[in-house]
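Novice: Generate a structure from the sequence data that follows.
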Amino acid sequence: MAKRLFIAATRQNEGKTTLSLGLILALKKRYKNIGFIKPIGQRYVMKGSLKVDEDSVLIEKVCGMDCSLKDMSPIAIERNFTREYLRHPDPDALVNEIESSFAKVAEGKDLVIIEGTGHAGVGSVFDFSNARVAQLLQTPVVIVSSGGIGRPVDEIALNQSLFKEKGVSVIGAIINKVIPEKLDMVREFVAMALARLDLNFLGAIPLQKYLSSPTMAQIVDDCKAEVLHGDEFLKNACEKIVIGAMTPHMALNYFSPKALVITPGDREDIILACLSMSMTSGDASEALAGIVLTGAIRPHPNIMNIIKKTKIPVVLVKQDSYNCASKIHDLIIKLQPGDMKKIEIVEKLVEEHIDINKIISSMGE
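Specialist: Sure, this is the predicted structure:
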């Protein structure tokens, strides 16, 4: 029977998928055959006629899983799922679906990583909280939280209690997105706090701003933007947003490497200021990440000719600058299969900052 490990979190967007990916890449050096399943997914994409969780798609493509996507993502929560379930509850059908898919994923595997959805109680409304799924699959749990000391440990304790109620063993916790300057302090005091909860401290991962920065490709997808120039530069990560609503002289004080400039398409003075920065910098690492032109206003053809001589991706959106900036600010940044630089960073972070051997020994048989 394959070893198994359930990755839970204290809330959404704490880094479960990033950790699951990094763990699989690290564990592949220690186990020959590893499987992955996200039994219940809340964000799905269409693959042909199948609705599959987007995180399962990422893991399948990056880690080369040999099981079907449908089994890696057996239940996708679509818009009316919860209401339909409450009208006509059928827990046995969900049990059969999860158990059947898990059996196929686990066949011939040494280890299966199981990713949860949100905190321990997510899914309770239709009888399948993360705690219930972990109980069903008889798997120990690692909880991921983010931040410093107090809030993460409080939330870990809260989640631990629900797993405990279901008879599920929580073997330890990982603190993600720690301010690098506070890493040593967090390690020391979180380890002490978790020991009081009878939990292993399994590591703390420093915050990497680059990992939470959207790429131009994600901005194009989410804002339904038209690419005017620079398809080959859409992997650029945007680490800062600048709204070009000031004079070019003042704007130059805010432009910095990896910044995304959002400005109306008729602010040719701002556009030219952006282009001059790019053309005077010989180092690509010093360039802007990209320019978003708002209001569906296309630049003058002469400006476009200059744009096409740069290595800055320039895209056009219908929204005004404020709404465009708000939408980009609120994006949920998810790893994409093509984000190879980010994936390499994730693998290195997990190897350096997570106690893989302690996780393996805590899983038991």
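
Novice: can you pull out the strands in the stretch 151-300 of the chain?
Specialist: 170-178, 200-206, 226-229, 240-243, 259-264, 290-294 (DSSP state E, counting those that start in this stretch).

Novice: Make TSV from these and add mean pLDDT and distance to residue 18 to it.
Specialist: Just so you know, the C-beta spots here come from the backbone N, C-alpha and C atoms, and that holds for glycine as well. Below are those laid out as TSV (pLDDT from 0 to 100; distance: least, Cβ to Cβ, whole Å):
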stretch	mean pLDDT	distance to residue 18
strand 170-178	96	8
strand 200-206	96	9
strand 226-229	96	27
strand 240-243	90	21
strand 259-264	94	22
strand 290-294	95	23
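
Novice: mind checking which of those is nearest residue 17?
Specialist: Checking the strands of the stretch 151-300 of the chain against residue 17 by Cβ to Cβ gives strand 170-178 as the closest, at 11.3 Å.

Novice: Kindly calculate the angle that the closest one makes with strand 200-206.
Specialist: If you take axes from the mean of the first three to the mean of the last three Cα atoms, to 10 degrees, strand 170-178 sits at 10 degrees to strand 200-206.

Novice: Report all helices and strands that strand 170-178 contacts.
Specialist: helix 16-27, strand 141-146, helix 150-165, helix 183-196, strand 200-206, helix 356-363 (3 or more Cβ pairs under 8 Å, 6 or more residues apart in numbering; DSSP states H and E).

Novice: make it 7 Å
Specialist: In terms of contacts (3 or more Cβ pairs under 7 Å, 6 or more residues apart in numbering; DSSP states H and E), strand 170-178 is packed against strand 141-146, helix 150-165, helix 183-196, strand 200-206, helix 356-363.

Novice: one step back: need the strands of the stretch 151-300 of the chain in JSON lines (columns: mean neighbour count and distance to residue 351).
Specialist: Output for these, formatted as JSON lines (neighbours: other Cβ atoms under 10 Å; distance: least, Cβ to Cβ, whole Å):
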{"stretch": "strand 170-178", "mean neighbour count": "25", "distance to residue 351": "13"}
{"stretch": "strand 200-206", "mean neighbour count": "22", "distance to residue 351": "10"}
{"stretch": "strand 226-229", "mean neighbour count": "17", "distance to residue 351": "36"}
{"stretch": "strand 240-243", "mean neighbour count": "18", "distance to residue 351": "29"}
{"stretch": "strand 259-264", "mean neighbour count": "23", "distance to residue 351": "31"}
{"stretch": "strand 290-294", "mean neighbour count": "28", "distance to residue 351": "31"}
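
Novice: Now tabulate the ones you listed in CSV and tack on distance to residue 147.
Specialist: Listed next are those as CSV, based on distance: least, Cβ to Cβ, whole Å:
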stretch, distance to residue 147
strand 170-178, 7
strand 200-206, 10
strand 226-229, 37
strand 240-243, 22
strand 259-264, 26
strand 290-294, 30
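
Novice: right, and those - which one's nearest residue 354?
Specialist: strand 200-206 (3.9 Å).

Novice: Which residues does the closest one contact?
Specialist: For strand 200-206, the surrounding residues in contact (Cβ atoms under 7 Å, 6 or more residues apart in numbering) are 142, 171-178, 180, 183, 186-187, 190-191, 194, 349, 353-355, 358-359, 362.

Novice: can we see that at 8 Å?
Specialist: The contact list for strand 200-206 (Cβ atoms under 8 Å, 6 or more residues apart in numbering) reads 15, 19, 142, 171-180, 183, 186-187, 190-191, 194-195, 349-350, 353-355, 358-359, 362.

Novice: cool, and stretch 328-341?
Specialist: Counting by Cβ under 8 Å, 6+ apart, 13, 17-18, 21, 43, 54-55, 57-58, 61-62, 211-215, 217-219, 222-223, 235, 238, 241, 260, 262, 292, 342-343, 346 sit against stretch 328-341.

Novice: Let me see the ranges of the helices in the stretch 201-350 of the chain.
Specialist: 216-223, 248-251, 268-280, 301-307, 321-329, 340-353 (DSSP state H, counting those that start in this stretch).

Novice: Using the record's assignment, carve the chain into domains.
Specialist: 3-208+335-363, 214-329 (automatic domain parsing).

Novice: for the worst-scoring helix or strand of the chain on mean pLDDT, which positions count as buried?
Specialist: Least confident helix or strand of the chain, by mean pLDDT, DSSP states H and E, is strand 44-47 with a mean of 76. Within strand 44-47, the residues scored as buried using 16 or more other Cβ atoms under 10 Å are residue 44.

Novice: what packs against that strand?
Specialist: Against strand 44-47 (3+ Cβ pairs under 8 Å, 6+ apart) you get strand 50-53, helix 54-63.
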